[in-house]
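Asks: Below are the sequence and a predicted model for it; my questions follow.
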Amino acid sequence: MKIINVCCYQTMLHFLAKIVCLLLFIFIYCEFLIYYFVLLGCSWPQLSKIDQDFTVKPPNDPNKKPLHVMFIADTHLLGSREGHWFDKLRREWQMYRSFQSARFLFEPHIIFFLGDITDEGKWCSDHEWEKTVNRFHSLFSIPTNTKLYVLAGNHDIGFHYDV
């Protein structure tokens, strides 16, 4: 009888170990790897010197590469008034992971944020605004050799529902 119980216990332990490994893999895939798998389907356009249109082309020097520019719009970072804390946490994690994955894979030279960085700019105190700016810089951190340009949107400067 004891041999059967030990076998059953070992089988159950082995099964639980498989479940834990599967859950760990799913977590790592959904929280980290998915961004890379999706972004690997993207690429910078291949510019040709024979194109006769007026698009940006690589310079005549073969050692120079085209300028890579990333555009991001409408991040809508939640403030302290709107939204649930878990929604805020989840959104910011996804923005952080997707931005950092894209920045790592594509290495843009310039990044533009095209407005609506925040969702509650109209109602922010100066202190809240400083906290939001610091949060923005921690979520969207970039290397020193990458240029960053941020434009204000209607949610950032206050006439949000008045337009």
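Replies: It's in. Computed from a predicted structure; not experimentally measured.

Asks: low pLDDT regions in the chain?
Replies: For the chain, the stretches with pLDDT under 70 are 1-6, 47-64, 159-163.

Asks: Quick check: what element follows the longest helix seen in it along the chain?
Replies: Longest helix of the chain, by residue count under DSSP state H: helix 2-28. Following the chain from helix 2-28 toward its C-terminal end, the next helix or strand by DSSP states H and E is helix 34-39.

Asks: That next one packs against which elements?
Replies: helix 85-106 (3 or more Cβ pairs under 8 Å, 6 or more residues apart in numbering; DSSP states H and E). C-beta coordinates here come from the backbone N, C-alpha and C atoms, glycine included.

Asks: Next SSE downstream of the helix it packs on?
Replies: According to DSSP H and E, the helix or strand after helix 85-106 is strand 110-114.

Asks: Which residues does the helix or strand just after that next one contact?
Replies: Using DSSP H and E, the helix or strand that directly follows strand 110-114 along the chain is helix 126-139. Applying Cβ atoms under 8 Å, 6 or more residues apart in numbering, the contact partners of helix 126-139 are 75, 77, 79-80, 92, 95-96, 99, 117-118, 120-121, 124.

Asks: possible to save these as CSV with distance to residue 149 and neighbour count?
Replies: Converted to CSV, the contacts of helix 126-139 look like this (distance: Cβ to Cβ, whole Å; neighbours: other Cβ atoms under 10 Å):
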residue, distance to residue 149, neighbour count
75, 14, 22
77, 17, 23
79, 23, 21
80, 27, 14
92, 21, 17
95, 18, 17
96, 20, 15
99, 15, 19
117, 12, 24
118, 17, 26
120, 22, 21
121, 18, 22
124, 21, 19
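
Asks: Closest one to residue 86 out of the residues you listed, please.
Replies: Closest approach between the contacts of helix 126-139 and residue 86, by Cβ to Cβ: residue 92, at 10.9 Å.

Asks: what's the closest non-adjacent residue to the closest one?
Replies: Of all residues not flanking residue 92 in the chain, residue 139 sits nearest, at 5.9 Å (Cβ to Cβ, 6 or more residues apart in numbering).

Asks: Please report how far the one you found lies from residue 20.
Replies: 31 Å (Cβ to Cβ, to the nearest Å).
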